[in-house]
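> Need the 3D shape of this:
(2 chains)
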Amino acid sequence: MKTTAKRVVGILAALTVVGSGITLATPASAVSTLIVWADKGTIDTIQAQVKKWDDANADYSVSLVQKDFGTVRDALKVAVPKGQGPDILAGAAHDWIGNLVASNVLLPIDSQLPSNFKDDFVPGALQAMKYNGHYYGVPGWTENIAMLRNVKKAPKPLKSVNDIKDGELGINYSATTSDPYHFYPFQTMFDAPVFKTDSKGDWTNTVGMGGTNGGNFAKWLKLKGTKFFGPPANANILCDFLNPVNKAKKTGMVKYWVTGAWNINAIEAGAGNCKKGLEIGTGYAIDPFPTGPTGLKAKQFLGIRGYLMVASGPGNTTNVPAASLLMRYMSSETAQFSLYDNYNKTPANAAALNRAKDNPVIAGFADAANTVPMPNSPAMDATWVIWGKAQTRIIQGKEAKPDVAWANMVKALQKTIDKVK
Amino acid sequence: MARFRIRSWGSDTPSMSGILWKLGVLGVVDAVATTMIMVLLGQGRYWIAALSIAVLLIVNWIYLRKGGLPAKYLAPGVIFLLIFQVYVLLFSGYTAFTNYGSAHNGDKSLAVQTIQNAAYRTLDGEDYSVALVKADATGHEALLLTSNLDQRVYVGENGQLAVEIPAGSYTLSPKCADPYAEDVTTCMHAAEKAVGYSAVTVDSLSPSQKLSYTSLRVATDLADPTVGIKTADFSTALQVQATLAYDDKTGFFTAIADDDYGNYVKGDVFKPSSDGYFHINGDVNSAKLDGGWRVEVGFANFQTIFTDVQLRAPLIKVITWTFVFAFLTVLTTFILGLLIAFLFNHEKLRGKKIYRAVMILPYAFPGFLSAYVWVGLLNRENGFINTVILGQTPGNEGNFPWLLEENPARLAVLLVNLWLGFPYMFLITTGALQSIPPELNEAAEIDGASGWQNFRLIKLPLLLISIAPLLISSFAYNFNNFSIIYLLTKGGPNDSGVTDYDVGGTDILITFVYKIAFSGTGQNYGLASAFSILIFFVIATISLISFRRTKAFEEIL
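Residues are numbered from 1 along each chain as shown, chains lettered A, B, ... in the order given. Sure, this is the predicted structure:
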């Protein structure tokens, strides 16, 4: 009898706890939440503008969720099928699009783009958001590389790549997978584009860097080698670019540096044990790439970081109108000029870029640009490692016949792409 | 002494406080589990919810009933075993027979949804700024369209042609049509309501009403139901044309317009195919629609492992290196550990305890930390090993490329693993040595055995009896020693010529599988799972054979 009483007391106690658990589980607010995934750098950049939009739209609250840039795509591919994805992926590189579309995670936004809106951007920027006939996002800011020059060591811009002597060039690349992105201007000096283009000028999935042109580029890479391009994974480029030449100690030899706007802060501020920073104009200049050994013009990749519309899982599209409005805002002149003004992001919005051109750095990179949007097909994603591996072996002199190695790489690449496609 | 007797846990008359404790803990567990179940039900995941309810009931039954003591001890362990081991094993076993991966990452409904989302194209022509309205007379939902081209205003209901509204019969919104226009004085204004139509604010709509507005199609050609003006964001409307129609009953897509890229023509029927895509007539060699789902592919993944020519060379290389790595690691750590154990087991050595403590240090530091420190020490240009121990010039790229070339990297991995692994061998051999009776040693000496004979014929066989199983388990552990490889070299240097697969010089099977599953261009969980199953069989076989053979040692005694 006594035990039964005890049990009843106990069960009642347990039920009370259960009851409080249930109360905790009921949702508290009716405001819809827009979820935006972004990497740390992007969040720092966009949060003030996102907050501004958020404050003006009382019915929505925007939640910025920090994700790792390198793995956010994988996280998205897992979350979306479970209906746990965000509404927007911000700060996404445009060359991710093809891969993400193939993984069922993006939503086309063609019907949200009126024709006059399409004219708001610099050439190629919105086009880069298009894959297989559909737009999947809007451009946020652009990135391209240029030829930086230390004015004190080299007063005049380069005309031809032949004028660069061994040791004068700085370029960042890895010891194993090189960096085809930074080397692409040199490759296009040989007219060996990564993919062939169709009649409309769109990239196809056929590798275009094979043939004689690609072979010639490979031979040139071997000829120049690490004497010309410097050692891989070289952490001293910044100092060697900033410091004056010291022939005895072999430091400060770098006069030209192939890099992008992301290194400007370091150049202007100087770093650690090297000399103080340089100022644009008197200290350093941003030049277009010189012409190739045979006089061909170089092209760089135009990279676009943008806002992609995420498919929120089967049947759930109630947040699309609001997400679309937020994306429109982030692509507007106001927002993009503010991102430039506060964070030095080169606007993809043409009007904002015009206003930003007062800034010599922005103008320098924009004027140095002879760009093609980086392809955004899943094929592009498959390219980097295979392409870079062959490149690095050739530069380091490990291939006796560079043109043959290059041709083999092109063959292997095409096969991989046909599998991905 | 009786005062200090500990009360038996299995006693039939538990104390009041014991019962209260039990009920309290059980109550907390029930509360957490109930919350979880409610959330699951809220998300519509009924199967998992049902399973959780069943587990919860069983747990309550086990702990509230009298007796059944073993179950009370075993229940938590068994539940965690089921969740974290058995389920995971079964799931990877199942995954090995599917094409689960980046392009096949969901079920078919997700793929259908993806295809439907993109099954339209925008047509050239006018586009409009939109206001949502409702017809006063009929209550029908309608779109109030203001042309962005000439600012004329139209109204259109679902399936009807748009009707122009004469100036004066509509009211313009005070706000700019483009909500983010820079210049608010010259911007375009769109109509917000018209005579006979009252305005609807987006914020007042329920999700289903929103859906009904987004699916509203204002016809541009009454004869062609595939084209029309639609809005997706309630601020812009464009002329769109449907390109594919989905039939819920048959589950097929039919092309209702030619593809812009020439992949298919009007009338083509796409049927679900065995490879997890919609293909024309279900023929896997014909054009497919973007949007795949997970399907079972039988033994295709295993077939790839054994027949893919691109995979063969790297795989043979990786397997060979995996065996070499595991074997050499066990051998080197064992020899070094044994030597040091013998040394410090010497009776006349002073300060043994201090030496032993120092020797255990590499084992006591977290392995992750040590590995990262070693990466720094082995740096080619400025690492401690090169610049101080080997006396090479700092900053010189001609220094010994420890982690940057294949064979040096393999050597480095073995050396670092020797550093991390010998204390363990030292510990267990010390223990085993001390358990060998000293009489045997004396007997051997009296019989005139030399030190070497004593070691080789007496001590080593006796040691191996107790240590051999540990050597085998060490081999199995190092066979799958993911962390040391991944932290030191990430499987690199990636310098092994050209293959389709991302494989480096120090990749062992498990890091190779990790790369297939999680890194690079397309994740392929199916293939990776198939690999892990094969790895399991390899290790199981080796362990089985080795344990059989170690029984031979026991016959010495």
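
> how is the chain carved up into domains?
No chain in the question, so chain A it is. A:32-142+A:302-373, A:145-301+A:377-420 (automatic domain parsing).

> My question was about chain B, not that one.
Taken from automatic domain parsing, chain B resolves into B:16-95, B:120-242, B:306-554.

> Which among those is found nearest to A:Ile264?
Taking CB to CB, domain B:306-554 is the member of the domains of chain B nearest to A:Ile264, at 25.9 Å. Where you see a C-beta, it was placed from the backbone N, CA and C, and this is true even at glycine.

> Report the mean confidence score over that closest one.
Confidence for domain B:306-554, expressed as mean pLDDT, is 85.

> What of stretch A:378-389?
The model assigns stretch A:378-389 a mean pLDDT of 82.

> Past the helix or strand hosting B:Phe327, which element shows up next along the chain?
Taking DSSP states H and E as the definition, B:Phe327 sits inside helix B:309-344. The C-terminal neighbour of helix B:309-344 among helices and strands, as given by DSSP H and E, is helix B:352-364.

> follow-up on the earlier one: same for the helix holding B:Phe327, what does it pack against?
helix B:300-307, helix B:352-364, helix B:406-434, helix B:460-479, helix B:509-518 (3 or more CB pairs under 8 Å, 6 or more residues apart in numbering or on different chains; DSSP states H and E).

> Is it possible to get TSV of the ones you listed that adds mean neighbour count and distance to chain A?
TSV is the format used below for these (neighbours: other CB atoms under 10 Å in any protein chain shown; distance: least, CB to the nearest CB, whole Å):
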stretch	mean neighbour count	distance to chain A
helix B:300-307	15	11
helix B:352-364	13	28
helix B:406-434	20	10
helix B:460-479	18	24
helix B:509-518	22	7
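
> Tabulate those (a markdown table), appending distance to A:Lys247.
Shown next, in a markdown table, are the helices and strands packed on helix B:309-344 (distance: least, CB to CB, whole Å):
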| stretch | distance to A:Lys247 |
| --- | --- |
| helix B:300-307 | 57 |
| helix B:352-364 | 45 |
| helix B:406-434 | 32 |
| helix B:460-479 | 50 |
| helix B:509-518 | 45 |
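
> Using the three-state scheme, assign B:Thr254.
At B:Thr254, secondary structure determined by DSSP: H, G, I helix; E, B strand; the rest coil is strand.

> now it, which residues is it bridged with?
B:Ala245, B:Val269 (DSSP bridges).

> Need the pLDDT of it.
Looking at B:Thr254, the pLDDT reads 93.

> Out of the domains of chain A, indicate the one that is most buried.
Of these, the one with the most neighbours on average (mean count of other CB atoms under 10 Å in any protein chain shown) is domain A:32-142+A:302-373, at a mean of 21.

> if I pick the residue lying closest to B:Gly383 once chain neighbours are set aside, what's in contact with it?
The shortest distance from B:Gly383 to any residue other than its chain neighbours is 5.3 Å, reached at B:Leu377 (CB to CB, 6 or more residues apart in numbering or on different chains). By CB atoms under 8 Å, 6 or more residues apart in numbering or on different chains, the residues touching B:Leu377 are B:383-385.

> Any chance of a markdown table for the residues you listed, columns neighbour count?
Compiled in a markdown table, these are given as follows (neighbours: other CB atoms under 10 Å in any protein chain shown):
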| residue | neighbour count |
| --- | --- |
| B:Gly383 | 22 |
| B:Phe384 | 14 |
| B:Ile385 | 19 |
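
> just to revisit the earlier point, would you turn the domains of chain A into TSV with distance to chain B?
Converted to TSV, those look like this (distance: least, CB to the nearest CB, whole Å):
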stretch	distance to chain B
domain A:32-142+A:302-373	3
domain A:145-301+A:377-420	4
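
> Now distance to B:Val318 too, for those, in CSV please.
Listed next are the domains of chain A as CSV, based on distance: least, CB to CB, whole Å:
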stretch, distance to B:Val318
domain A:32-142+A:302-373, 23
domain A:145-301+A:377-420, 17
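
> Minimum distance to B:Ile165: which of the ones you listed has it?
domain A:32-142+A:302-373 (20.1 Å).

> tell me how far the closest one is from the chain's mean position?
Offset of domain A:32-142+A:302-373 from its chain centre (CA atoms, centre = their mean, to the nearest Å): 12 Å.

> now swap in stretch A:364-383 and tell me
Centre-to-centre, stretch A:364-383 and its host chain are 9 Å apart (CA atoms, centre = their mean).

> and the end-to-end length of that stretch?
Chord length of stretch A:364-383, first to last residue, is 29 Å (CA to CA, to the nearest Å).

> in the helix holding B:Phe327, what's buried?
Within helix B:309-344, the residues scored as buried using 16 or more other CB atoms under 10 Å in any protein chain shown are B:310-311, B:314-315, B:317-319, B:321-323, B:325-326, B:328-330, B:332-334, B:336-338, B:340-341, B:344.

> before we move on, what about stretch B:160-171?
Neighbour-count burial for stretch B:160-171 [16+ other CB under 10 Å]: B:162, B:165, B:170-171.

> Just the ones of these in strands?
Cross-referencing those against strands under DSSP state E gives B:165, B:170-171.

> B:Asn454 versus the residue of chain B positioned farthest from its centre, what's the distance?
Distance from the centre of chain B peaks at B:Ile446, with 62.5 Å (CA atoms, centre = their mean). Separation of B:Ile446 from B:Asn454 (CB to CB, to the nearest Å) stands at 11 Å.

> what does A:Val151 give?
From A:Val151 to B:Asn454 the distance is 78 Å (CB to CB).

> returning to what we had before: quick one: work out the angle between the helix holding B:Phe327 and helix B:300-307.
Angle between the axes of helix B:309-344 and helix B:300-307 is 80 degrees (criterion: axes from the mean of the first three to the mean of the last three CA atoms, to 10 degrees).

> State the distance from the residue farthest from the centre of chain B to A:Asn144.
Applying CB to CB, the value for B:Ile446 to A:Asn144 is 85 Å.

> With A:Asp68 instead?
25 Å.

> ditto for B:Val318
In this structure, B:Val318 and A:Asn144 are 39 Å apart, going by CB to CB.

> Ok, B:Val153 next?
43 Å.

> May I have stretch B:32-52 exported as CSV, CA atoms only?
What follows is stretch B:32-52, C-alpha atoms only, in CSV (Å, rounded to 0.1, in the frame of the first residue of the first chain):
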residue,chain,number,x,y,z
VAL,B,32,13.3,16.2,-22.5
ALA,B,33,12.1,13.2,-24.5
THR,B,34,8.5,14.6,-24.6
THR,B,35,9.7,18.0,-25.8
MET,B,36,11.7,16.2,-28.5
ILE,B,37,8.7,14.2,-29.6
MET,B,38,6.5,17.3,-29.7
VAL,B,39,9.1,19.0,-31.9
LEU,B,40,9.3,16.0,-34.1
LEU,B,41,5.5,15.8,-34.5
GLY,B,42,5.5,19.5,-35.2
GLN,B,43,7.9,18.9,-38.1
GLY,B,44,5.8,16.1,-39.4
ARG,B,45,8.4,13.4,-38.8
TYR,B,46,6.0,10.8,-37.6
TRP,B,47,8.2,7.7,-37.9
ILE,B,48,11.0,9.0,-35.7
ALA,B,49,8.4,10.4,-33.3
ALA,B,50,6.7,7.0,-33.0
LEU,B,51,10.1,5.3,-32.5
SER,B,52,10.9,7.8,-29.8
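
> which stretches of the stretch 101-250 of chain A form helices?
A:115-118, A:180-188, A:211-229, A:237-242 (DSSP state H, counting those that start in this stretch).

> Low-confidence stretches in chain A?
Applying pLDDT under 70 to chain A flags residues A:1-31, A:272-273, A:275, A:313-317, A:420-421.

> Residue in the stretch 51-200 of chain B with the shortest distance to chain A?
B:Gly106 (3.1 Å; CB to the nearest CB).

> what about that residue, which SS state?
coil.

> what residues are up against the spatially closest residue to it that is not a sequence neighbour?
If the residues on either side of it in the chain are set aside, B:Gly106 comes closest to A:Pro81, at 3.1 Å by CB to CB, 6+ apart. By CB under 8 Å, 6+ apart, A:Pro81 lies in contact with A:104, A:313, B:105-107, B:110.
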